[in-house]
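Enquirer: what shape does this take:
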Amino acid sequence: MALTWRKSSRSGGGSGNGNGGDCVEVAFGPKGPLLRDSKNGDDGRVLHTSPTAFDALLDTLKRDV
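Expert: Here you go, the predicted model:
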């Protein structure tokens, strides 16, 4: 199954070249959300989390911005 990785439109639109494009990317797999560092792409590590934990992370980030 191919994943569709997404990142914030506020990330600067770069491609990992140091011009503001490095950020966290998110994909939604069959068992829940996945997160990775955009500068590592497909070669980097992926963090698997539960939907509940991901929702809590988003709530915290929105509150602290």
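
Enquirer: rest of the way, CA atoms for contacts and neighbours
Expert: OK.

Enquirer: pick out the residue nearest the middle of the chain.
Expert: A centroid search over the chain (Cα atoms, centre = their mean) returns residue 25, at 2.3 Å, as the residue closest to the centre.

Enquirer: enumerate every residue touching that one.
Expert: Listed by Cα atoms under 8 Å, 6 or more residues apart in numbering, the contact set of residue 25 reads 5-8, 35-38.

Enquirer: again with residue 8
Expert: Counting by Cα under 8 Å, 6+ apart, residue 8 touches residue 25.

Enquirer: where does the protein have low pLDDT?
Expert: Low-confidence segments of the chain, defined by pLDDT under 70: 12-21, 65.

Enquirer: tell me where it has helices.
Expert: Assigned by DSSP state H, the helices in the chain fall at 51-64.

Enquirer: what about the residue lying closest to the residue nearest to the centre of the chain once chain neighbours are set aside, neighbour count?
Expert: Distances taken as Cα to Cα, 6 or more residues apart in numbering put residue 7 closest to residue 25, at 4.6 Å, once the chain neighbours are dropped. Counted with other Cα atoms under 10 Å, the neighbours of residue 7 add up to 19.

Enquirer: isn't residue 34 right up against residue 28?
Expert: Yes: in this structure, residue 34 is within contact of residue 28 by Cα atoms under 8 Å, at 6.0 Å.

Enquirer: more neighbours, these two?
Expert: Under the neighbour definition other Cα under 10 Å, residue 34 and residue 28 were set side by side, and residue 34 has more, 20 against 15.

Enquirer: how close does the more buried one sit to residue 55?
Expert: The spacing between residue 34 and residue 55, counted by Cα to Cα, to the nearest Å, is 12 Å.

Enquirer: check residue 38 too.
Expert: Residue 38 is 20 Å from residue 55, where distance means Cα to Cα.

Enquirer: okay, the two: which has more neighbours?
Expert: Of the pair residue 38 and residue 55, residue 38 is the one with more neighbours under other Cα under 10 Å, namely 20 against 13.

Enquirer: just checking, that one touches residue 26?
Expert: No: shown here, residue 38 and residue 26 do not form a contact pair, counting by Cα under 8 Å, at 9.3 Å.
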